[in-house]
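Student: model this:
(2 chains)
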Protein chains: 2
Amino acid sequence: MARQLFELAGRDPAHVFSPYCWRARMALAHKGLDHETIPWRFMQKDAIKPHNSEKVPVLVDGDVSVCDSWAIANYLEDKYPERPSLFGGEGGRAMARMINSWSDVSVGQIAPLIIADIHAGLDPGDQDYFRRTREKNLGRKLEEAIADREQRVEDLRRWLHPLRMTLRAQPYFGGTSPNYADYIIFGPFQWARLTSTFELLATDDPIYGWREKLLDMFGGMARNSPAVAAA
Amino acid sequence: MARQLFELAGRDPAHVFSPYCWRARMALAHKGLDHETIPWRFMQKDAIKPHNSEKVPVLVDGDVSVCDSWAIANYLEDKYPERPSLFGGEGGRAMARMINSWSDVSVGQIAPLIIADIHAGLDPGDQDYFRRTREKNLGRKLEEAIADREQRVEDLRRWLHPLRMTLRAQPYFGGTSPNYADYIIFGPFQWARLTSTFELLATDDPIYGWREKLLDMFGGMARNSPAVAAA
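Tutor: Got it, this is the predicted structure:
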């Protein structure tokens, strides 16, 4: 049976941009496992209901389905132990959860900086839903949220300082080579990069250089993935 | 030869409180290794100069000396591989560095909340040096730094949110049992606890419950360690 990944897509079905789906996508590539993308939109709750999920990513691997990027990474590590390790041992797996939690807070910090751009790239059928739910969370209009982003990106850059300190000492968060810790952190950067032209990082930031290397992995999979189509 | 750890001490030589020394101290206990504490004060730079360090902790293990808590943890893991692992594998070691970097930022966030209390517990010979160097860094008097701590502790609590999210899913940062990831994060909390009565955590915070468990480890080593003597 084919391996399939339900991934959030924009107006262009090839525009797959969710930070969580990118974590799963990179984890699959790290394990050397092919997959077929099933583009999914917010309005297609029914498509993933049989897998007991309301969100993507959902991985369908033969007769098994797995929801949630963290669960997918754990499933892949356990199901394919002979392939390159995502965690580098049980200690790495436990600590990756802390990095995952840290990075999920980053998602919440990045979102207001790009949220109107994300909206612009969505499938028209998703736009009302997205605007309504996100404006309720933000407590303001999407366009207002991004208005002062030039100033507020500095808060994000301070928040990211532990990453910089780590990259001074080792090339990847996984150590001498990338592993799931890197893909956790990469997901939100790739999300921002594919949905918005607003640059989160200064070009002389070590995190920028690290991101470049991640973009080149797996034959440039992340670099060559389509960004949002011009509105 | 005896194993010795140079540890920052206050007026009371048994008052060892440095966050970095506590990381080393917990790592030694995790490995089941005894050590003798050599109380050290800021003014005793000469005592550790032979070990090519200006800061503590400095571990002297037979004819080897190791400076810096991160280096000490790595040394112990490599030198005593047959004893309980601090990292749980190479992936854990790499990711622990990211957690270490994150936690070092926490130290900078906690410091202004307790800095005048730290000063009060220092050896009189250290107090002028401490005040001068810390006030230069803070850009204000120690007493001014702590004045609005009731408000600013809320910023710290937000910063700590990834810890809370992690502890919802697993009892320790190291997974089902504590490892060096836990000691990294514990160090700054123990530092604050031993130097100040100002409480960083609400009692219903999951981090509070986790800290209680760390305090009880190794026969209550951390809980029974003397806090600052009343001024």
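Student: centre of the chain to the one helix or strand residue A:158 maps to, how far?
Tutor: Using DSSP states H and E, residue A:158 sits within helix A:149-159. Offset of helix A:149-159 from its chain centre (CA atoms, centre = their mean, to the nearest Å): 19 Å.
Student: which residues touch it?
Tutor: A:105, A:106, A:109, A:110, A:112, A:113, A:114, A:198, A:200, A:201, A:202, A:205 (CB atoms under 8 Å, 6 or more residues apart in numbering or on different chains). (Glycine included, C-beta is placed from N, CA and C.)
Student: next SSE after that helix?
Tutor: helix A:161-169.
Student: what's downstream of that next one, the next helix or strand?
Tutor: helix A:180-195.
Student: which helices and strands sit right next to that following helix?
Tutor: For helix A:180-195, the elements it packs on are helix A:19-30, helix A:69-79, helix A:90-121, helix A:206-220, helix B:90-121, judged by 3 or more CB pairs under 8 Å, 6 or more residues apart in numbering or on different chains; DSSP states H and E.
Student: packing partners of the fourth one?
Tutor: Here helix A:206-220 is seen to pack against helix A:19-30, helix A:161-169, helix A:180-195 when contacts are counted using 3+ CB pairs under 8 Å, 6+ apart.
Student: the second one and chain B in contact?
Tutor: When you say that, I think you mean helix A:161-169. Yes. Residues of helix A:161-169 contacting chain B under CB under 8 Å from any CB of the partner chain: A:161, A:162, A:163, A:165, A:166, A:169.
Student: domains in chain A, by residue range?
Tutor: Taking automatic domain parsing as the criterion, chain A consists of the domains A:3-79, A:90-220.
Student: in stretch A:163-177, what counts as buried?
Tutor: By 16 or more other CB atoms under 10 Å in any protein chain shown, the buried positions in stretch A:163-177 come out as A:163, A:165, A:166, A:167, A:171, A:172, A:173, A:174, A:175.
Student: just the closest of these to residue B:5, please.
Tutor: residue A:165 (24.5 Å; CB to CB).
Student: was I right about the closest one contacting residue B:101?
Tutor: Yes. Using CB atoms under 8 Å, residue A:165 and residue B:101 qualify as a contacting pair, with a distance of 3.8 Å.
Student: dump the helices and strands packed on helix A:206-220 to a markdown table, plus distance to residue B:49.
Tutor: Below are the helices and strands packed on helix A:206-220 laid out as a markdown table (distance: least, CB to CB, whole Å):
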| stretch | distance to residue B:49 |
| --- | --- |
| helix A:19-30 | 46 |
| helix A:161-169 | 25 |
| helix A:180-195 | 37 |
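Student: Throw those into a markdown table and include mean pLDDT, thanks.
Tutor: What follows is those, written out as a markdown table (pLDDT from 0 to 100):
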| stretch | mean pLDDT |
| --- | --- |
| helix A:19-30 | 98 |
| helix A:161-169 | 96 |
| helix A:180-195 | 98 |
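Student: can you give me how far stretch A:109-127 is from the chain middle?
Tutor: Distance, centroid of stretch A:109-127 to centroid of chain: 14 Å (CA atoms, centre = their mean).
Student: repeat for stretch A:6-22
Tutor: 9 Å.
Student: again, but for stretch A:179-197
Tutor: On CA atoms, centre = their mean, the centre of stretch A:179-197 falls 5 Å from that of its chain.
Student: give me the neighbour count for the closest residue in space to residue A:2 that isn't next to it in sequence.
Tutor: Excluding the flanking residues, the one nearest residue A:2 by CB to CB, 6 or more residues apart in numbering or on different chains is residue A:36, at 5.5 Å. When counting by other CB atoms under 10 Å in any protein chain shown, one arrives at 9 neighbours for residue A:36.
Student: show me what residue A:36 is bridged to.
Tutor: On the basis of DSSP bridges, residue A:36 is bridged to residue A:4.
Student: pLDDT score for it?
Tutor: Here the pLDDT value assigned to residue A:36 is 97.
Student: how close does it get to chain B?
Tutor: 29 Å (CB to the nearest CB, to the nearest Å).
Student: now do residue A:106
Tutor: If you go by CB to the nearest CB, the gap between residue A:106 and chain B works out to 9 Å.
Student: confirm for me that that residue is in contact with residue A:191.
Tutor: No. Using CB under 8 Å, residue A:106 is not in contact with residue A:191; the gap is 10.3 Å.
Student: coming back round to it: wait, isn't the residue nearest to residue A:2 in contact with residue A:7?
Tutor: No. Using CB under 8 Å, residue A:36 makes no contact with residue A:7, being 10.2 Å away.
Student: identify the residues contacting residue A:160.
Tutor: A:106, A:207.
Student: and it, what's its pLDDT?
Tutor: 96.
Student: and residue A:69, by the same measure?
Tutor: Reported pLDDT for residue A:69: 98.
Student: got a list of what it touches?
Tutor: For residue A:69, counting by CB under 8 Å, 6+ apart, the contacting residues are A:20, A:21, A:23, A:24, A:27, A:57, A:187.
Student: nearest to chain B, of those residues?
Tutor: Checking the contacts of residue A:69 against chain B with CB to the nearest CB, the nearest one is residue A:27 at 13.6 Å.
Student: look up the closest residue to that closest one, ignoring the ones flanking it.
Tutor: residue A:73 (4.9 Å).
Student: surely the one you found touches residue A:86?
Tutor: Yes. Residue A:73 lies in contact with residue A:86 (CB under 8 Å); the separation is 5.6 Å.
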